Structures are given as structure tokens and as C-alpha cells.
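Participant: need a structure here:
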Amino acid sequence: MDDSATLKDLLDFLTLKYGASTRNLFYDESGEFKPLVMFLVNGRATDDLGYMLKEGDEVSIAPLIAGG
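Facilitator: You can find the predicted model right below:
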């Protein structure tokens, strides 16, 4: 990843590397991002796919879980 990489770039990289099953984790059938995924960059939550990543950033990706 280069110095101008965003969270969206990371998702695109992961889907290219791991295929359609990974893409389905992040995007619905129409290609829209699923809002049921949470990102933590260096331990801080963000939902901004345009978030700029820096070298050394630690990114965690987790599904949101809801219930009642």
C-alpha cells in the first residue's frame, strides 16, 4: 500500500487478494458498502472509507453484532 492509501483501498486490496467471498463480507449485491462492519485504526473506531492510512497503522475489521 502506498502513502495515499485509504480504508477503501485496503478493502479493494483484500478483495483482490482473497476473492469474491471476501468482497461479500464488505459489499452488498449492488456494490454498496455494508454498514455492518466496524473499523478500528490504531484502536480508534472510524466509519470513513476515505480515512487516510499511514505506514505502521494497525487496522482491525470486525462485524457489528446487534440483538435484542
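Participant: following the lowest-mean-pLDDT helix or strand in the chain, which helix or strand comes up?
Facilitator: None of the helices or strands of the chain scores lower by mean pLDDT, DSSP states H and E than helix 20-26, at a mean of 86. Moving toward the C-terminus from helix 20-26, the next helix or strand (DSSP states H and E) is strand 37-41.
Participant: show me what that following strand is packed against.
Facilitator: strand 44-46, strand 59-63 (3 or more C-beta pairs under 8 Å, 6 or more residues apart in numbering; DSSP states H and E). The way it works is simple: take the backbone N, C-alpha and C, and place the C-beta from them, glycine included.
Participant: 6 Å instead?
Facilitator: strand 59-63 (3 or more C-beta pairs under 6 Å, 6 or more residues apart in numbering; DSSP states H and E).
Participant: how about the one residue sitting closest to the centre of the chain, secondary structure?
Facilitator: With distances taken as C-alpha atoms, centre = their mean, Leu11 lies nearest the centre of the chain, 4.9 Å away. Assigned with DSSP: H, G, I helix; E, B strand; the rest coil, Leu11 falls in the helix class.
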